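J.: Got a predicted model here, sequence first, then my questions.
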Amino acid sequence: MLVKVYGSAVFGVEATTIAVEVNIDKGIGYHLVGLPDNAVKESSFRIAAALQNNGFKFPGKKIIVNMAPADLRKEGSAYDLTFAIGILAASGQIKAKNISEYIIMGELSLDGSLQPIKGALPIAIKAQQEGFKYFILPQQNAKEAAIVSGLKVYGVHNIKEVCDHFDKGLELPETIVNTREEFYNHLDHPEHDFADVKGQESIKRCMEIAAAGGHNIILIGPPGAGKTMLAKRLPSILPPMTLHEALETTKIHSVVGKIKDHGLMAQRPFRSPHHTISDVALVGGGAYPQPGEISLSHNGVLFLDELPEFKRSVLEVMRQPLEDREVTISRAKFTVTYPSSFMLVASMNPSPGGYFNDPDAPVTSSPAEMQRYLSKISGPLLDRIDIHIEVTPVPFDKLSEERKGEKSIDIRKRVMKARELQTQRFQEYENIHYNAQMGTKQISKFCKLDDISKKLLKTAMERLNLSARAYDRILKVSRSIADLETSEEIKSAHISEAIQYRSLDRDGWLG
């Protein structure tokens, strides 16, 4: 008897429906075809034990299982439940009424219980698009899949529940998630708040400008100055994610199995990889390509602590994604593209010892050591960072203050107003949404200076020995400062503030 059951395979952040054809005939042997990997091939042992432990039989006949399309590589253990239900239906142990309306996925334990799978959200989206009515999957992934409307999602704990549903008509509990309500309930509850940061008013201001214009930023300061603390709070002042952004971000995290017992992601992601990370782990890839840290920080913040400690090759592969805002991983038979639109926040000590021009410092570094340390950061990468700011340690009287700082929600309101101005300004441009994305044409159009501002910028570039690359960055940042003040014109005060945020371009830092 031949039975068709449907599962799904995930490539990149998109899913492809897989038809699992199970044919049971005279003879002996279990034959699995359709380009399965080792994890898929091993499923027969898990299925046999699970069926036996739940009162069913693994047929002692010739079983052929075909996974179509057969030229597409299938990987992972998520097809166990699909195969098991197909084998039971084909051998007549359960009824197979309306089974073609279901997508069935799940990894089986030997006792028949189900383990969570990866990529439940992309699978649910594809199932809904292709007209499937029901999706049976492990309970741990049910909330994630239930985000998709127009698809009945059944989260189950054991294979017995699925068999009873088909054979005896027992109703499975449907998982229902009010996506919009759940999403909007979690928007204004950031985990970290700028109100917790004592002092550092100038750095908070700098962070606000970076958030308003989507600028990449690097924080330079000695250990314990608060660089990591400030960076962790940046997502709390970025504009809340739209429903579309949240769905896009959740899909990426779903593919790597980072979402368990959670619905839609409402907070912008914050990723902080260790400096020993490999280039593949950062950008994505592998034999079966997976998203890297830069894709997991899509629509959020990627924080690189101690930037000069990262391997140069790791930092170099990040240059292209910073420009294109997506990562393309090519293999012989297929190409996968992951989105990677993120804000880069980097931090570094100004010298190997961590202290710079401080006579009371416990560790000092020679000028040659400092130059060697700072030169680890390549010019082209630094070219993509708009704001450089020095972070100084907080004095005791500020630390001991009981007064709370300004809340993230209040700063976010100003940032959102600035972003609204930019949305209107760039509505005719398809790939430009905020100031940091401006090219040369947009800079010359939207960053016009009066004579006083031009003179100020010229003087600053000559006196501070600012490099040519600093010119465009200063104009972009000054545009964001003007937007925060809802000013159409860029004034000399905006230019002078933007000039302060180019520490590493000054003579004596990077030579």
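T.: Received, thanks.
J.: Run through the residues that contact the closest residue in space to residue 386 that isn't next to it in sequence.
T.: Closest residue to residue 386 apart from its sequence neighbours, by Cβ to Cβ, 6 or more residues apart in numbering: residue 215 at 3.9 Å. Using the backbone N, CA and C atoms, a C-beta is placed for each residue, glycine as well. Residues in contact with residue 215 (Cβ atoms under 8 Å, 6 or more residues apart in numbering) are 209, 343, 386-387, 435-436, 476-477, 480.
J.: Reduced to three states, what does residue 337 come out as?
T.: Using DSSP: H, G, I helix; E, B strand; the rest coil, the structure places residue 337 in strand.
J.: Residue 349: neighbour count?
T.: By the criterion of other Cβ atoms under 10 Å, residue 349 has 22 neighbours.
J.: Check the contact between it and residue 307; I expect there is one.
T.: No - with contact defined as Cβ atoms under 8 Å, residue 349 does not reach residue 307; the gap is 9.5 Å.
J.: Need the contacts of residue 215 in CSV (columns: neighbour count, pLDDT and secondary structure).
T.: Listed next are those as CSV, based on neighbours: other Cβ atoms under 10 Å; pLDDT from 0 to 100; DSSP: H, G, I helix; E, B strand; the rest coil:
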residue, neighbour count, pLDDT, secondary structure
209, 26, 96, helix
343, 23, 95, strand
386, 26, 90, coil
387, 25, 93, strand
435, 31, 93, helix
436, 22, 91, helix
476, 24, 94, helix
477, 30, 95, helix
480, 28, 96, helix
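J.: Tell me the one of the residues you listed nearest residue 398?
T.: Taking Cβ to Cβ as the measure, residue 398 lies nearest residue 209 of the contacts of residue 215, at 21.6 Å.
J.: Show the contacting residues for that closest one.
T.: Here residue 209 is in contact with 215, 387, 477, 480-481, 484, 501 (Cβ under 8 Å, 6+ apart).
J.: Report the separation between it and residue 484.
T.: Computed as Cβ to Cβ, to the nearest Å, the residue 209 to residue 484 distance reads 7 Å.
J.: The biggest helix by length in the chain packs against which elements?
T.: Secondary structure of the chain per DSSP state H: the longest helix is helix 408-425. Contacts defined by 3 or more Cβ pairs under 8 Å, 6 or more residues apart in numbering; DSSP states H and E place helix 408-425 against helix 201-213, helix 469-484.
J.: and the longest one with helix 408-425, angle?
T.: Think helix 469-484. Helix 469-484 and helix 408-425 are oriented at 110 degrees to each other (axes from the mean of the first three to the mean of the last three Cα atoms, to 10 degrees).
J.: For helix 469-484, list every residue counted as buried.
T.: For helix 469-484, the neighbour count (16 or more other Cβ atoms under 10 Å) marks 470-484 as buried.
J.: Kindly report the same for the shortest one.
T.: For helix 201-213, the neighbour count (16+ other Cβ under 10 Å) marks 203-204, 206-213 as buried.
J.: Which residue is the nearest non-sequential neighbour of the residue sitting nearest the centre point of the chain?
T.: Computing the C-alpha centroid of the chain and ranking residues by Cα atoms, centre = their mean puts residue 296 first, at 2.3 Å. In this structure, residue 296 finds its nearest non-sequential neighbour in residue 271, 5.3 Å apart by Cβ to Cβ, 6+ apart.
J.: and the one you found, what pLDDT?
T.: Residue 271 is assigned 95 on the pLDDT scale.
J.: swap in residue 259?
T.: Note on residue 259: pLDDT of 81.
J.: can you check the one 3 residues further on too?
T.: The predicted structure scores residue 262 at 70 on the pLDDT scale.
J.: give the contact list for it.
T.: Here residue 262 is in contact with 143-144 (Cβ under 8 Å, 6+ apart).
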